[in-house]
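A.B. asks: one predicted model, sequence on top.
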Amino acid sequence: MLYIRADMNDIIATGHIMRCLAIADAAKSMGEDTVFITADDQPAGLLKERGYSCHVLGTDWRNPDSELPALQSFLEECHVQKLLLDSYQVTPAYLKKLDGLVKVMYLDDLNTFHYSASGLICYANYWEKFNYTEKYTDTKLFLGPQFVPLRSVFSHCAEKRIRPRIENLLLLSGGTDPYGILDGLLRRIPLHEYRRIDVVCGRYDSAYGMLQEKFASDPVVHIHKAVSAIEEYMERSDAAVSAGGTTLYELCATGTPTVSYAVADNQLDNVRRFDSDGLITWCGDVRCEDVPGKVLQALEACRDEKVRRERSRKMRELVDGRGAARIVRAMREL
């Protein structure tokens, strides 16, 4: 049995739960079931929909230290020996206590402090900047994009068809869109230059209804929300505009030429590294820059078929979509 501690809500959005669901799906394909442990019941509906049980601690996700008694009781009751932990809220005291109860595998991409854990995963493309190998001599390390936990559908994507021109465009914002970037992009992008523009709003995007109404009669723009098969939209798109985060690795697996932007501090290293490696052009931080204007310039540069073909090839070389299965095997190594 695999046990995963993670949360999801309108503030931290869906990223943690979604990547953990990919790991749970990989475990299931390898004959192992998964139980999720959450602070509250906000993720319960999605987890049930995906076929997984959820133990709700009934605690405040913002204060992880306060949940330790309830979590310890559950771990002891279920004789849990290993726990996959995915949370930015953890504290040094929390991890030290937890690591004394079970073998902890911590999923990291921030390097906030020195983590007390038996294993550490960092799939971020910028993992080398954290000097993990020097800091964690007694911890099992699983580093690099080979461990990015994507759903199994991304492990067998066909080679991307690169058309002479960009006909289908995909706009993505992640689990939420607090700065209204999707509406901002649609106001600036020359819609008539595309055959189809798919706009995917996240589960917690409050602007979804407004966008649907605004573009209801537009034959080019199609508004969607929390789609279950995002890979289908990626595969049929000639180019994409996306926030930073795990979505960029999904776009790599499908080989979809992409330009990106950041909406939070924890995305900055990610988008900057993709940009410096020549894979995905970064168009700035929505909190302080004119991202729609920079996106227009980046899309113009992407019109070159040779540029898109080369980027697509490099993206697929970086991410093969098998990271979730590698994480399951890493858990077994603990």
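C.D. replies: Sure thing, it's come through. Numbers count the residues shown, from 1 in each chain.
A.B. asks: against which helices or strands is the helix or strand that residue 84 is a member of packed?
C.D. replies: Using DSSP states H and E, residue 84 falls within strand 82-85. Judged by 3 or more C-beta pairs under 8 Å, 6 or more residues apart in numbering; DSSP states H and E, the packing partners of strand 82-85 are strand 2-5, helix 92-99, strand 103-107, helix 323-333. Every C-beta, even on glycine, is put in place using the N, C-alpha and C of the backbone.
A.B. asks: so which elements touch the second one?
C.D. replies: With contacts defined as 3+ C-beta pairs under 8 Å, 6+ apart, the secondary structure elements packing on helix 92-99 are helix 68-77, strand 82-85, strand 103-107.
A.B. asks: how about those in TSV, adding mean neighbour count, distance to residue 266 and mean pLDDT?
C.D. replies: Output for the helices and strands packed on helix 92-99, formatted as TSV (neighbours: other C-beta atoms under 10 Å; distance: least, C-beta to C-beta, whole Å; pLDDT from 0 to 100):
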stretch	mean neighbour count	distance to residue 266	mean pLDDT
helix 68-77	15	24	97
strand 82-85	23	16	98
strand 103-107	22	13	98
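A.B. asks: for the helices and strands packed on strand 82-85, which one ends up most surrounded?
C.D. replies: Most buried of those by mean neighbour count (mean count of other C-beta atoms under 10 Å) is strand 2-5; its value is a mean of 24.
A.B. asks: now the element after it, going C-ward?
C.D. replies: Following strand 2-5 in sequence order, the next helix or strand is helix 15-29 (DSSP H and E).
A.B. asks: TSV for the helices and strands packed on helix 92-99, including distance to residue 43?
C.D. replies: As requested, the helices and strands packed on helix 92-99 are arranged in TSV below (distance: least, C-beta to C-beta, whole Å):
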stretch	distance to residue 43
helix 68-77	16
strand 82-85	15
strand 103-107	16
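A.B. asks: contact partners of stretch 81-99?
C.D. replies: If you take C-beta atoms under 8 Å, 6 or more residues apart in numbering as the criterion, stretch 81-99 is touched by 2-7, 12, 16, 19-20, 23, 37, 61-65, 68, 71-72, 75, 102-107, 110, 112-118, 266, 327, 331, 334.
A.B. asks: swap in stretch 209-224?
C.D. replies: 182-183, 186, 191-192, 194-201, 208, 233.
A.B. asks: and the strand holding residue 84, how far from the chain's centre?
C.D. replies: 19 Å (C-alpha atoms, centre = their mean, to the nearest Å).
A.B. asks: pick out the residue nearest the middle of the chain.
C.D. replies: Ranked by distance to the mean C-alpha position of the chain (C-alpha atoms, centre = their mean), the top residue is residue 246 at 2.7 Å.
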